[in-house]
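Engineer: Predicted coordinates and the sequence they were generated for:
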Amino acid sequence: MSATTATGRPAASAHPTEPPPDPAGARRAVTAASLGTVLEWYDFFLYGTAAALVFPVLFFPGEDPLTGVLLSFAVYATGFVARPLGGLVSGYFGDRIGRRRTLIATLLVMGIATALIGLLPTHAQVGALAPMLLVALRLVQGAATGGEWSGAVLLALEHAPSRRGLRGGFISSAVYVGLVLGNLAFVVLVAVLDEAALLAWGWRVPFVASLVLLAVAAYLRWRVDESPEFAAVLRDGRRARRPLVGAVRRPRNVIAVFLVRLGQNTSFYVISVFCLGYASTVLGMPRWVTLTALLAGATVAAVLCPLWGALGDRVGPRRVVLVALGGLGVLAVPLFVVLDTGSAALVIAVVTLAIGFVNAAADGVQPAWFASLFDVRVRYSGITIGREAASIVGGGLAPLAATALLAATGHWWPIAALMLGSAVLGVLGAALARPVAAPRA
């Protein structure tokens, strides 16, 4: 893997046994990795939308409406719990047998699990077995997601000796495209179906339809060769026997990735999950406002992530991440002040700014930067351990903590303090990170 310059800018790989660049192969790798990532995150976010709209009625009908929603989101959170476990398994195999085969496996597991959710019987049909099956499939979804991002990044970047920030930005962009599609699927269904049809069969359509995306993404990934950098590791007999152990033996960069993702994830999920729910349920804002804000922010982010990645190639990714984390911290209080105004235009604008510009800046440069922090032999494991562990705290627990703080204090200021504090931890993580030099034969 490449080292980085004094400014934190990734440099070209120095390994002497790597084959010459293959531009066509690099483009195929980026395309296959990105489309597969779109599918994985479409599937992951699709459940979150269904959890708010239909699952409380279909799988938890014996509870009062609020309890049903809480149970539905509790199942949603199990996906975050499973992500580190899936990441450990994927990281091990990704560093042992290769990125390509591991990514095809995560793709198939995620696609099949999502389609099976669309075929599940409801509580009215099989009773308590229905939510049990839903929990099991959500765990499978989370495990598959845990190995996707890191593997997709490596498949794309290890084919490309140059402009890695730009290429990695397309993987980050794909996550936001998946978020947009996962939400739009239900926007369309709600617009064209009445409630009875939506609950009877309509909700199943976007889950089963993911099989189409699965077939296309699996075909593209199948046609991509193993990454040249990992192929060189295999050819030279340098494969790590215990990549998970090797990754944590020097824990500095694992901790750095964890802290950076913790700082960013906390703000992102507080904004995208808690704040938008707070606006609609506590402040009484129309649901279209919160949905439009989220979709606008994600759409802008999908466009800008590659541009932020390209900027990271020029000025160094650490600088971009530091500014982005600082921006998320600065926006914490203004975000809630704007929410309290009740102005739809201001809410959409501030959420778009936070997600579409500031959060996207951190996301856009992380693929190339995180890849530069680990030796190629343990790179899949190292990135995954730090990144997916942070998903539990910042993704699964942060919205629950925000809800508890609001219930305990009756005000948003402790939540803003939580966002600010997490951003500070992210800045410390960015300062802690140190790129590694490429190994030489």
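Structural biologist: Yep, it's here.
Engineer: How far away from the center of its chain is the one helix or strand Leu220 maps to?
Structural biologist: Using DSSP states H and E, Leu220 maps to helix 204-222. Using C-alpha atoms, centre = their mean, to the nearest Å, the mean C-alpha position of helix 204-222 is found 19 Å from that of the whole chain.
Engineer: can you list the residues that contact it?
Structural biologist: By C-beta atoms under 8 Å, 6 or more residues apart in numbering, the surrounding residues in contact with helix 204-222 are 28, 31-33, 35-36, 38-39, 42-43, 46, 50, 100, 103-104, 107-108, 111-112, 114-115, 117-119, 155, 182, 185-186, 189. C-beta coordinates here come from the backbone N, C-alpha and C atoms, glycine included.
Engineer: Counting neighbours, which bits of stretch 118-128 end up buried?
Structural biologist: Buried residues in stretch 118-128, counted by 16 or more other C-beta atoms under 10 Å: 118, 120, 122-123.
Engineer: now the residues you listed as TSV including pLDDT and distance to Pro56?
Structural biologist: Listed next are the buried residues of stretch 118-128 as TSV, based on pLDDT from 0 to 100; distance: C-beta to C-beta, whole Å:
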residue	pLDDT	distance to Pro56
Gly118	95	17
Leu120	95	15
Thr122	92	12
His123	87	10
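Engineer: quick revisit: average pLDDT across the helix holding Leu220?
Structural biologist: Per-region confidence: helix 204-222 scores 92 on mean pLDDT.
Engineer: What of stretch 287-294?
Structural biologist: Rounded mean pLDDT across stretch 287-294 is 85.
Engineer: Same question for stretch 335-353.
Structural biologist: Here the average pLDDT along stretch 335-353 is 94.
Engineer: neighbouring contacts of it?
Structural biologist: 271, 275-276, 278-279, 283, 285-286, 289-290, 292-294, 296-297, 300, 331, 334, 354, 412-413, 415-416.
Engineer: Among those, which lie within helices?
Structural biologist: 276, 278-279, 289-290, 292-294, 296-297, 300, 331, 334, 413, 415-416 (DSSP state H).
Engineer: Contacts only, for the spatially most central residue of the chain.
Structural biologist: The centroid of the chain falls nearest to Val175 when counting by C-alpha atoms, centre = their mean (6.0 Å). The contact partners of Val175, taken as C-beta under 8 Å, 6+ apart, are 37, 41, 149, 363.
Engineer: Ser381 too?
Structural biologist: 88, 91-92, 94-95, 243-244, 246-247.
Engineer: how deep is Met129 tucked in, by neighbour count?
Structural biologist: For the record, residue 129 is Leu, not Met. A total of 12 residues lie near Leu129 under the criterion other C-beta atoms under 10 Å.
Engineer: for Ala209, same thing?
Structural biologist: 16.
Engineer: Distance check, it against Phe336.
Structural biologist: 37 Å (C-beta to C-beta, to the nearest Å).
Engineer: repeat for Ile117
Structural biologist: 34 Å.
Engineer: Who has more neighbours out of the two?
Structural biologist: Just comparing Ile117 and Phe336: by other C-beta under 10 Å the higher neighbour count belongs to Ile117, 23 against 19.
Engineer: Thr341 - how many residues pack around it?
Structural biologist: Neighbour count of Thr341, defined by other C-beta under 10 Å: 12.
Engineer: Output the contacting helices and strands for the lowest-mean-pLDDT helix or strand in the chain.
Structural biologist: Across the helices and strands of the chain, mean confidence by mean pLDDT, DSSP states H and E is lowest for helix 276-281: a mean of 76. For helix 276-281, the elements it packs on are helix 287-315, judged by 3 or more C-beta pairs under 8 Å, 6 or more residues apart in numbering; DSSP states H and E.
Engineer: list the helices and strands the helix it packs on packs on?
Structural biologist: Using 3+ C-beta pairs under 8 Å, 6+ apart, helix 287-315 is in contact with helix 164-192, helix 276-281, helix 317-341, helix 344-351, helix 360-371.
Engineer: Which of those helices has the lowest mean pLDDT?
Structural biologist: Of all the helices and strands packed on helix 287-315, helix 276-281 has the smallest average pLDDT, which comes to a mean of 76.
Engineer: which residues touch it?
Structural biologist: When contacts are defined by C-beta under 8 Å, 6+ apart, helix 276-281 is touched by residues 285-287, 289-291, 293-294, 339, 347, 351, 406, 412.
Engineer: how about Leu199, what does it touch?
Structural biologist: 54, 57-58.
Engineer: re the thing from before, list buried residues within the contacts of stretch 335-353.
Structural biologist: Buried members of these, scored by 16+ other C-beta under 10 Å, are 271, 275-276, 278-279, 285, 289-290, 292-294, 296-297, 300, 331, 354, 412, 415-416.
Engineer: related to what we said a few turns ago, from the ones in helices among the contacts of stretch 335-353, which single one is nearest Val260?
Structural biologist: Nearest to Val260, judged by C-beta to C-beta, of these is Leu331 at 17.4 Å.
Engineer: thinking that closest one is in contact with Ala354, fair?
Structural biologist: Yes - between Leu331 and Ala354 there is a contact under C-beta atoms under 8 Å: 5.3 Å.
Engineer: what do the two both touch?
Structural biologist: Contacts common to Leu331 and Ala354, judged by C-beta under 8 Å, 6+ apart, are Ser267.
Engineer: how about CSV for the contacts of helix 276-281, with distance to Ala398 added?
Structural biologist: Shown next, in CSV, are these (distance: C-beta to C-beta, whole Å):
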residue, distance to Ala398
Met285, 21
Pro286, 25
Arg287, 22
Val289, 22
Thr290, 18
Leu291, 21
Ala293, 18
Leu294, 16
Leu339, 17
Val347, 20
Val351, 16
Leu406, 13
Trp412, 14
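Engineer: which of those residues lies closest to Ala160?
Structural biologist: Closest to Ala160, out of all of these and judged by C-beta to C-beta, is Leu294, at 31.5 Å.
Engineer: ok, now which ones touch that closest one?
Structural biologist: Contacts for Leu294 (C-beta under 8 Å, 6+ apart) come out as 179, 183, 272, 276, 351, 355.
Engineer: Might you report the residue contacts of the second one?
Structural biologist: Contact partners of Asn183, counting by C-beta under 8 Å, 6+ apart, are 45, 49, 291, 294-295, 298.
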